[in-house]
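Student: pasting the sequence and the predicted model now:
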Amino acid sequence: MATSRVLQSFFKQMSRPTGVVGSSTRRQLSAAAASAANKAHSLPDLAYDYSALAPVVSGKIMELHHSKHHQTYVNNLNIALEQYAEAEAKNDVAAMINLQPAIRFNGGGHVNHSIFWTNLCPGGSEVPSDLLAEIDATFGSLDKFRSTFNARSAAVQGSGWGWLVLNKANGKLQIQTQPNQDPITGDVVPLLGIDVWEHAYYLDYENRRPDYLNEIWKVVNWNNVAERWHAAKE
């Protein structure tokens with residue numbers, strides 16, 4: 001969770017127009033980058049074995065997804081943050097700007113996957129009653145929520161994510177999709193993320209993304225989603 005907070009702070013500053021970076025923004029970016037770079041990010045351990053989500057997600061996919069894909073995001077994030085700190089020390093604003101896409105992509109990949117692993121558990125879990133009531137009030141029913149979520153996530157062009165988020169501006173749950181590894185930022189808090197990059201499902205489902213989305217609900221850890229929802233409302 002600390003990793004997410006540090007990177008979210010950095011992403012918030014990076015969301016400003018790329019071509020306009022004033023001294024105040026540079027200081028904020030530098031502070032966020034230094035905070036992130038001082039503690040090299042690492043691959044989080046899973047709370048379950050690679051094979052524990054089978055047959056919904058095979059052990060082979062989990063091993064590749066976690067130990068190869070996620071590890072690559074972590075490695076490249078640490079490299080980019082180190083380069084950013086060096087550029088900042090030289091007051092090389094052009095280099096700092098040029099590094100922002102790499103930090104956003106790899107940092108987003110790290111944050112998104114770190115949430116994703118905790119959103120899953122062997123056998124899944126029941127939706128806690130208070131969260132279920134909120135889903136019913138917002139979307140009509142759990143089935144309607146899943147149907148809408150699946151349709152929007154299946155429609156993501158290329159690679160990306162489907163998210164259940166809390167909009168802190170109005171206190172409402174909403175569905176949001178993000179391209180590539182773009183992180184959830186601002187007043188919108190991620191609660192549940194489903195990875196729809198092909199590397200998340202292709203070995204098991206080939207090009208059948210809708211089938212993957214239908215099955216993934218069998219291993220969703222709704223207790224974790226509810227914990228995130230309660231924390232976001234505080």
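Tutor: That came through, no problem. Everything numeric in this text was worked out from a predicted model, so none of it was measured. Numbering: from 1, shown residues only.
Student: run through who's touching stretch 110-118.
Tutor: 3-4, 7-8, 41, 44, 46-47, 65-66, 69-70, 73-74, 77, 161, 181, 183, 190, 193-195, 221, 224, 228 (Cβ atoms under 8 Å, 6 or more residues apart in numbering). Just so you know, the C-beta spots here come from the backbone N, C-alpha and C atoms, and that holds for glycine as well.
Student: using neighbour counts, trim these to the buried set.
Tutor: In those, burial by neighbour count holds for 3-4, 7-8, 41, 65-66, 69-70, 73-74, 77, 161, 181, 183, 190, 193-195, 221, 224, 228, counting by 16 or more other Cβ atoms under 10 Å.
Student: contacting residues around Leu142?
Tutor: Applying Cβ under 8 Å, 6+ apart to Leu142 gives the contacts 127, 132, 135-136.
Student: what of Asn119?
Tutor: By Cβ under 8 Å, 6+ apart, Asn119 lies in contact with 192-194, 220-221, 224-225.
Student: could I get the full set of strands for the chain?
Tutor: Remark: strands assigned in the chain by DSSP state E are 160-167, 172-179, 188-195.
Student: what helices or strands is the first one leaning on?
Tutor: Meaning strand 160-167. The contact analysis (3 or more Cβ pairs under 8 Å, 6 or more residues apart in numbering; DSSP states H and E) places strand 160-167 against helix 142-154, strand 172-179, strand 188-195, helix 222-233.
Student: would you list those in a markdown table and tack on distance to Tyr84 and mean pLDDT?
Tutor: Output for the helices and strands packed on strand 160-167, formatted as a markdown table (distance: least, Cβ to Cβ, whole Å; pLDDT from 0 to 100):
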| stretch | distance to Tyr84 | mean pLDDT |
| --- | --- | --- |
| helix 142-154 | 32 | 98 |
| strand 172-179 | 23 | 98 |
| strand 188-195 | 24 | 98 |
| helix 222-233 | 28 | 97 |
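Student: return the most buried member of those.
Tutor: Mean neighbour count, computed with mean count of other Cβ atoms under 10 Å, is highest for strand 188-195 among the helices and strands packed on strand 160-167, reaching a mean of 22.
Student: residue at max distance from the center of this protein?
Tutor: Centroid-distance maximum for the chain: Lys90 at 31.7 Å, with Cα atoms, centre = their mean.
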